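Enquirer: Give me the fold of what follows.
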Amino acid sequence: MMVQYLEKFTTRAPAAANDPVRPSSRDPLEFSLCYKLRRDALEITAQMPGDGNGLSAETHAKRLIWVQSRLLEAMCSDPALTERQRSVLMAFHSKALRDLIADRRGARRRGNLSPMVA
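Expert: Next up is the predicted model:
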């Protein structure tokens with residue numbers, strides 16, 4: 001599945017900014033690296049198989065962060081990225097991790113997590 005994703009990710013050509021063909025169909029966030037990273041991580045996470053009984057929101061969040069970090073590693077090894085783009089991507093991922101940790105701490109305070117999960 002990851003190989004298919006990487007092929008799709010590397011072969012997709014973005015539409016030109018002045019492309020007169022269907023300009024209204026272009027996504028305004030199409031060229032945002034953080035948006036692409038998150039969208040692709042969500043897409044891969046949604047396609048991952050579950051255990052059959054449904055997964056908890058916490059498990060989905062953990063999987064999302066794991067997939068996002070793998071994609072970030074691949075993106076940052078791309079020589080076409082500038083240092084500024086790498087730092088923006090790293091800051092975005094850092095914020096996502098901090099949000100996950102803060103959410104888990106809040107759930108623990110509310111008594112929603114079992115002690116073994118912590």
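Enquirer: hey, which helix is longest across this protein?
Expert: Longest helix in the chain by number of residues (criterion: DSSP state H): helix 83-110.
Enquirer: now the strand or helix carrying Val67 and helix 83-110, what's the angle there?
Expert: Using DSSP states H and E, Val67 maps to helix 57-76. Between helix 57-76 and helix 83-110, the angle comes out at 170 degrees (axes from the mean of the first three to the mean of the last three Cα atoms, to 10 degrees).
Enquirer: hey, which helix or strand in this protein has the poorest pLDDT?
Expert: helix 2-11 (a mean of 58; mean pLDDT, DSSP states H and E).
Enquirer: So which bits of the helix or strand following that helix are buried?
Expert: Next helix or strand after helix 2-11 toward the C-terminus (DSSP H and E): helix 33-47. Going by neighbour count (16 or more other Cβ atoms under 10 Å), the buried part of helix 33-47 is Cys34, Lys36, Leu37, Arg38, Asp40, Ala41, Ile44, Thr45. Any C-beta I mention is one placed from the backbone N, CA and C, and that applies to glycine too.
Enquirer: Tell me who's in contact with the third one.
Expert: Remark: with contacts taken as Cβ atoms under 8 Å, 6 or more residues apart in numbering, Leu37 is in contact with Gln68, Leu71, Leu72, Met75, Leu89, Phe92, His93.
Enquirer: Columns neighbour count and pLDDT on top of these, output as a markdown table?
Expert: Below are the contacts of Leu37 laid out as a markdown table (neighbours: other Cβ atoms under 10 Å; pLDDT from 0 to 100):
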| residue | neighbour count | pLDDT |
| --- | --- | --- |
| Gln68 | 22 | 91 |
| Leu71 | 22 | 92 |
| Leu72 | 18 | 91 |
| Met75 | 19 | 87 |
| Leu89 | 20 | 87 |
| Phe92 | 18 | 88 |
| His93 | 22 | 88 |
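Enquirer: Just name the closest of these to Gly50, please.
Expert: Relative to Gly50, the closest of those is Gln68; by Cβ to Cβ it sits at 18.4 Å.
Enquirer: Which residue is the nearest non-sequential neighbour of the closest one?
Expert: Distances taken as Cβ to Cβ, 6 or more residues apart in numbering place Ala41 nearest to Gln68, at 4.0 Å, with adjacent residues excluded.
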